[in-house]
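Peer 1: here's my sequence, what's the structure:
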Amino acid sequence: MTTKQAPRKKKLRSAGFSNPNALKLDIPTPPTLRECLAQNLFGSGISPRGYRELSVQHSKQLIERYPSLYRLADASPVSSSPPFAREGFACGDGWFAVIDKLSAKLSADPNLVVSQIKEKFGLLRIYFELSPLPSNEIEEGTDIALAEAVAESQMTCERCGKPGKHAQREGRWSVKCDACTAEEARRKSLRPWMERLLAGLPAAPGGRSRLDLSPEHALALLEKYPGLYREAWTAPTSPASRFAAGGFEIGDGWFRLVDRVSARLAKDPALHVVQVKEKYGRLKVYFERAEGVPRDPRLDAEMKPALDEDADESERTCEVCGEPGTHEERHRWWSVRCGPCDQIDEISAACERIGKLVGGLDLATFSANEMIQDAVRLALVDIGRAAAGQPSKSRERLPGIGWDRLEHFKDVTAVKGMPVDELWRFASEEAPVLERKLR
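Peer 2: Numbers count the residues shown, from 1 in each chain. Purely as a prediction, here's the structure:
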């Protein structure tokens with residue numbers, strides 16, 4: 001058997017096995033590449049490689065067109081598997097046409113199977129195995145096809161497929177067109193939270209849900225006061241700037257207050273914001289003055305009492321929804337909440353309490369422990385009473401919660417009569433999901 005194979009790498013990503021999205025796959029063994037693709041869990045946007053991974057659509061097309069050549073897509077992605085079973089097509093979408101053309105030529109030999117396909121030093125690399133030995137004619141044709149594909153990849157932008165230049169960029173070889181090179185430079189100049197905002201996602205990684213300023217409100221402030229929030233778009237002017245790293249670290253309920261504070265600060269063009277956050281349940285906006293620019297005593301005298309007034313108002317404004325609220329210590333943290341939002345926090349806290357009660361247990365252990373069952377039932381009653389106090393406006397703001405079902409738990413008799421397996425299902429499956437939605 002003749003083998004053309006890349007040397008073993010020290011660390012290889014398993015398709016689905018090390019991918020957090022693979023948790024959505026309800027199968028007992030690590031999912032194969034084909035199974036991942038079938039559920040759109042493998043492709044652009046999933047891998048930390050970024051654009052250096054063929055999209056789900058293109059990956060599916062190649063596997064369906066050339067099933068024999070890419071039969072490792074059905075192999076179990078264990079540590080001893082060839083790289084293709086674990087990685088799939090580890091190169092950018094711009095090379096799809098190059099790979100498609102090459103695959104058509106390689107598939108002439110039914111004994112050939114691709115073991116790895118990737119980018120290396122900015123060029124396309126394909127390694128394969130074949131048995132038995134091919135004829136001289138097929139082997140010569142394979143070598144020519146490989147050389148042509150590598151040469152074509154050297155002139156094709158790996159990101160978009162347009163004509164590109166093979167060059168060393170920031171210490172790494174790649175092939176990109178001018179437009180993609182400029183776009184990558186622009187994106188690198190952005191802070192990570194700005195990239196998430198432009199994609200319509202919460203600024204905080206994973207999203208802080210109700211206590212993360214919505215992309216619409218955050219982008220509105222950035223557009224309205226570009227000079228004041230200049231560090232959203234460029235490198236921070238000081239190492240201490242938290243705004244460049246985290247953006248608006250407050251809830252949507254304080255958007256109106258931050259807008260008003262921003263309008264007041266923007267009167268002085270020498271100022272820029274370095275942090276916007278909640279501290280001890282009070283709005284805090286920190287800013288700096290450009291070096292060498294003298295202070296304006298008139299603006300200072302006008303601004304300080306106005307900023308204090310806005311901060312005082314934050315103590316009376318629910319940080320979540322903007323309705324009148326109370327400033328209190330809740331669950332060891334100071335916060336400002338209206339009645340309904342305070343109850344939502346109570347539901348979230350009850351779910352967290354349930355999680356701690358059943359953590360590490362299985363159904364059999366849970367069924368045998370009546371004390372834990374009673375504690376979970378009490379938490380359910382708390383959830384039901386808090387859900388019953390939610391007005392229509394609050395329920396519309398948080399769709400997909402199943403408010404009617406939660407409100408049913410306020411009935412103590414009904415909760416006491418819940419079968420143990422139903423109680424366990426809510427405690428182990430539904431409560432963690434509900435907590436994440438309300439966090």
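
Peer 1: switch to C-alpha atoms for all contacts and neighbour counts from now on
Peer 2: OK.

Peer 1: can I see the domain layout of this structure?
Peer 2: 2-166, 192-314, 338-438 (automatic domain parsing).

Peer 1: how far does the second one stretch from one end to the other?
Peer 2: Distance across domain 192-314, first residue to last, is 28 Å (Cα to Cα, to the nearest Å).

Peer 1: one more: stretch 163-182?
Peer 2: 15 Å.

Peer 1: got the CA positions of stretch 106-118 in PDB?
Peer 2: Taking Å, rounded to 0.1, in the frame of the first residue of the first chain, the C-alpha atoms of stretch 106-118 are listed here in PDB:
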ATOM      1  CA  LEU A 106      -9.100  12.300  -8.200                       C
ATOM      2  CA  SER A 107     -12.300  10.400  -8.100                       C
ATOM      3  CA  ALA A 108     -11.200   8.600 -11.300                       C
ATOM      4  CA  ASP A 109      -9.400   6.200  -9.000                       C
ATOM      5  CA  PRO A 110     -12.100   4.400  -6.700                       C
ATOM      6  CA  ASN A 111      -9.400   3.200  -4.400                       C
ATOM      7  CA  LEU A 112      -8.200   6.700  -3.400                       C
ATOM      8  CA  VAL A 113      -9.500   8.300  -0.200                       C
ATOM      9  CA  VAL A 114      -8.700  11.700   1.200                       C
ATOM     10  CA  SER A 115      -7.200  11.600   4.600                       C
ATOM     11  CA  GLN A 116      -6.600  15.400   5.100                       C
ATOM     12  CA  ILE A 117      -7.300  18.600   3.300                       C
ATOM     13  CA  LYS A 118      -6.100  21.900   4.600                       C
END
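
Peer 1: which regions of this protein sit below the pLDDT cut-off?
Peer 2: Where the chain drops to pLDDT under 70, the residues are 1-30, 40-52, 131-135, 138, 187-189, 204-211, 235-240, 439.

Peer 1: that one: strands as residue ranges?
Peer 2: Remark: strands assigned in the chain by DSSP state E are 2-4, 89-90, 112-120, 123-130, 165-169, 172-176, 248-249, 271-279, 282-289, 326-330, 333-337.

Peer 1: so which of the ones you listed is nearest A427?
Peer 2: strand 326-330 (23.5 Å; Cα to Cα).

Peer 1: look up the residues forming beta bridges with the closest residue to D312 other than its chain neighbours.
Peer 2: Leaving aside its chain neighbours, D312 sits nearest to R282 (7.5 Å; criterion: Cα to Cα, 6 or more residues apart in numbering). Counting by DSSP bridges, R282 is bridged to K279.

Peer 1: what about R282, how many neighbours?
Peer 2: By other Cα atoms under 10 Å, the residues close to R282 number 21.

Peer 1: hang on, isn't it packed against E315?
Peer 2: Yes: contact criterion Cα atoms under 8 Å: R282 and E315 qualify, at 5.6 Å.

Peer 1: joint contacts of those two?
Peer 2: Shared contacts of R282 and E315, defined by Cα atoms under 8 Å, 6 or more residues apart in numbering, are found at V336.

Peer 1: related to what we said a few turns ago, show me the contacts for the residue nearest to D312.
Peer 2: Applying Cα under 8 Å, 6+ apart, we find R282 in contact with A311, D312, S314, E315, S335, V336.

Peer 1: hmm, who's touching stretch 149-156?
Peer 2: 94-95, 98-99, 102, 122-125, 162-166, 175-177.

Peer 1: buried among those? Need that as a selection in PyMOL.
Peer 2: In PyMOL, this line selects whichever of those come out buried by 16 or more other Cα atoms under 10 Å:
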select buried, resi 94+95+98+99+102+122+123+124+125+162+163+164+165+166+175+176+177
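
Peer 1: look up how far D109 lies from the residue lying farthest from the centre of the chain.
Peer 2: What lies farthest from the middle of the chain is N136; by Cα atoms, centre = their mean that is 50.0 Å. For N136, the distance to D109 equals 12 Å [Cα to Cα].

Peer 1: next: L271.
Peer 2: From L271 over to D109 the distance is 68 Å, taken as Cα to Cα.

Peer 1: higher neighbour count, these two?
Peer 2: Shown here are L271 and D109; by other Cα under 10 Å, L271 has more neighbours (20 against 16).

Peer 1: I figured that one hits E288, correct?
Peer 2: Yes: under the criterion of Cα under 8 Å, L271 makes contact with E288 at 5.6 Å.

Peer 1: so which of the domains of the chain is nearest H331?
Peer 2: domain 338-438 (8.4 Å).

Peer 1: and that closest one, end to end?
Peer 2: 15 Å.

Peer 1: ok, residues contacting stretch 334-348?
Peer 2: Residues contacting stretch 334-348 (Cα under 8 Å, 6+ apart): 280-282, 314-321, 323-329, 382-383, 386-387, 389-391, 394, 434-435, 438-439.

Peer 1: just the buried ones from those?
Peer 2: The neighbour-count criterion (16+ other Cα under 10 Å) marks 281-282, 314-321, 323-327, 382-383, 386-387, 390, 434-435, 438 among those as buried.

Peer 1: those residues in helices, which ones?
Peer 2: Among these, the residues falling in helices (DSSP state H) are S314, D382, I383, A386, A387, L434, E435, L438.

Peer 1: could you export these as CSV, including distance to V376?
Peer 2: What follows is those, written out as CSV (distance: Cα to Cα, whole Å):
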residue, distance to V376
S314, 36
D382, 10
I383, 11
A386, 15
A387, 16
L434, 15
E435, 15
L438, 19
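
Peer 1: closest to G355 among these?
Peer 2: Taking these together and measuring to G355 by Cα to Cα, the closest member is E435, at 9.5 Å.
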